[in-house]
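>>> Build me a model from this:
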Amino acid sequence: MFWEIDYRDPLFGIIVFIFLVGIVSLIGYYWGYFISKRRNIALKKFMQNFDYVGFDEEAKEFLALSANPTSSILFMANMYQKSGNYEKAIRLYTTLLEYTKNPLDKVPILEYLGEAYYKAGFLKRSKEIFLEILRYHPRLGNILEKLIKIQEELGEYQDALNSTDCLEELMGNTSLQSAYLKSKILILQAKSLNSPLKKLLTLLKQEPKLLRVILGFLKDFYPREFWEIIFKLEQKDILDILDILWNIPLKELPNIPKNHNLLSSLYEAKGYFTLTPSKKATFELEALCLLREKQNFTGDLAFHYFCKECKGSSPLFFERCPHCGELLSMQVKSFLKEKKYEMGYSFL
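Numbering: from 1, shown residues only. Next up, the predicted model:
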């Protein structure tokens, strides 16, 4: 009998081992069950913050009648989202979340919901959803990337930098992202720092793609250093910031070196300098100088902005492409337009 087995008998050790394995397995099972239940409760409490959206009654009926409705509901919600009907898409996602029981199956639905809130302009709600996903699944790199993008747009650069450090551990290749965020933090804290100039110039040396970001700050706060950098730039780099240089008032210009053909051409075309017969640096500047010489029409430069990666365009400059999300991929394109003088009338 079992009670007749001596504790020194090998069979006794095997029985004890099996007993301990059973206890550990039982504890592990109930611990997993407890964690899963707590996660579901936490998710339900979290989703109560979004109750004002309500549920889609038609979707609830479809979920009750159909055997496998998840893919169909997701397809409809995605179509609504792509067409710009974000309220309808959000209703479908929240209804589907209520229907889905498995916590792992809720992750992609939450991701879609976060994207819908982001595109609808509710950045903080989108951020809360992505943080909730990362709370239980911290190794999802694509969610981290979306969170960083939202934190940037909210101006939470330090939080975005912390998230980028986590992303570096997961995926690597975040040096440009880190340098960009550090420069934004320094610029944001410029008033409280004695001088962020040295750190910014160090960052610029490490990452040349920060040129436009840093020069935009130096132009207003450190004009001498701004022009020192401009005079050392190659022509292709100056063309990437031509819109910044074109809009600088005459009173803020330093003495332009005579051998600097592009800057001389630029401000001759602008009307700041006396016209010279020398060949201008670009076609647009040559054309503007000819218009100025003839004096029949007054020309001006207008600018459009393109992404080097996806070739998407925007009438406004951007640091992160609004189409593909690529960071610091903007390229400036200039074109001629007629300058029209508009007279403003006061109603006072």
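>>> check contacts around residue 262.
Contact analysis of residue 262 by C-beta atoms under 8 Å, 6 or more residues apart in numbering lists 235, 238, 239, 281, 282. For glycine as for every other residue, the C-beta is placed from the backbone atoms N, C-alpha and C.
>>> Now do the SS call for it.
Applying DSSP: H, G, I helix; E, B strand; the rest coil to residue 262 yields a three-state assignment of helix.
>>> and what of the one 10 residues further on?
The three-state label for residue 272, taken from three-state DSSP, comes out as coil.
>>> What is the burial count for the nearest residue to it once chain neighbours are set aside?
Spatial nearest neighbour of residue 272, excluding adjacent residues (C-beta to C-beta, 6 or more residues apart in numbering): residue 250 at 4.9 Å. Neighbours of residue 250 under the rule other C-beta atoms under 10 Å: 10.
>>> Closest one of the contacts of residue 262 to residue 258?
Distances from residue 258 to these, taken as C-beta to C-beta, are shortest for residue 281 (14.0 Å).
>>> was I right about the closest one contacting residue 235?
Yes: Residue 281 is within contact range of residue 235, at 6.9 Å (criterion: C-beta atoms under 8 Å).
>>> more crowded one of the two?
Taking other C-beta under 10 Å, residue 281 and residue 235 do not tie; residue 281 has more neighbours (19 against 12).
>>> Enumerate every residue touching that one.
Each residue near residue 281 by C-beta under 8 Å, 6+ apart is listed here: 235, 261, 262, 265, 266.
>>> can you tell me how far it sits from residue 117?
Distance, residue 281 to residue 117, using C-beta to C-beta, to the nearest Å: 47 Å.
>>> what pLDDT does the residue nearest to residue 190 when sequence neighbours are not counted get?
Counting by C-beta to C-beta, 6+ apart, residue 196 is the residue found nearest to residue 190 once chain neighbours are left out, at 5.3 Å. pLDDT recorded at residue 196 is 84.
>>> For residue 196, list the residues it contacts.
By C-beta under 8 Å, 6+ apart, the contact set of residue 196 is 186, 187, 189, 190.
>>> And for residue 69, the neighbour number?
For residue 69, the neighbour count with other C-beta under 10 Å is 16.
>>> likewise residue 99?
Neighbour count for residue 99, taken as other C-beta under 10 Å: 18.
>>> The one residue sitting closest to the centre of the chain is in what secondary structure piece?
Residue closest to the average C-alpha location in the chain (C-alpha atoms, centre = their mean): residue 149, at 2.8 Å. For residue 149, the host element (DSSP states H and E) is helix 141-153.
>>> Mind listing what's buried along that helix?
Neighbour-count burial for helix 141-153 flags 143, 144, 145, 146, 147, 148, 149, 150, 151, 152 (criterion: 16 or more other C-beta atoms under 10 Å).
>>> Could you export the helix or strand that comes right after that helix as PDB, CA atoms only?
Next in sequence after helix 141-153, counting helices and strands by DSSP H and E, comes helix 157-170. The C-alpha coordinates for helix 157-170 follow below in PDB (Å, rounded to 0.1, in the frame of the first residue of the first chain):
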ATOM      1  CA  TYR A 157       8.700  64.800 -27.200                       C
ATOM      2  CA  GLN A 158      10.300  63.400 -24.000                       C
ATOM      3  CA  ASP A 159       7.600  60.600 -23.900                       C
ATOM      4  CA  ALA A 160       8.200  60.000 -27.600                       C
ATOM      5  CA  LEU A 161      12.000  59.700 -26.900                       C
ATOM      6  CA  ASN A 162      11.400  57.200 -24.100                       C
ATOM      7  CA  SER A 163       9.200  55.200 -26.400                       C
ATOM      8  CA  THR A 164      11.900  55.400 -29.100                       C
ATOM      9  CA  ASP A 165      14.400  53.900 -26.700                       C
ATOM     10  CA  CYS A 166      12.000  50.900 -26.300                       C
ATOM     11  CA  LEU A 167      11.600  50.700 -30.000                       C
ATOM     12  CA  GLU A 168      15.400  50.600 -30.400                       C
ATOM     13  CA  GLU A 169      15.600  47.500 -28.200                       C
ATOM     14  CA  LEU A 170      12.900  45.800 -30.300                       C
END
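>>> neighbours of residue 283, just the number please.
For residue 283, the neighbour count with other C-beta under 10 Å is 10.
>>> List the contacts of it.
Listed by C-beta under 8 Å, 6+ apart, the contact set of residue 283 is empty.
>>> Quick check: residue 168 vs residue 68, distance?
Residue 168 is 40 Å from residue 68, where distance means C-beta to C-beta.
>>> Kindly report the same for residue 85.
Note on residue 85: its distance to residue 68, by C-beta to C-beta, is 25 Å.
>>> Also residue 18?
Note on residue 18: its distance to residue 68, by C-beta to C-beta, is 41 Å.
>>> so who does residue 239 touch?
262, 282, 332.
>>> again, only this time at 10 Å
233, 245, 262, 281, 282, 331, 332, 333, 334 (C-beta atoms under 10 Å, 6 or more residues apart in numbering).
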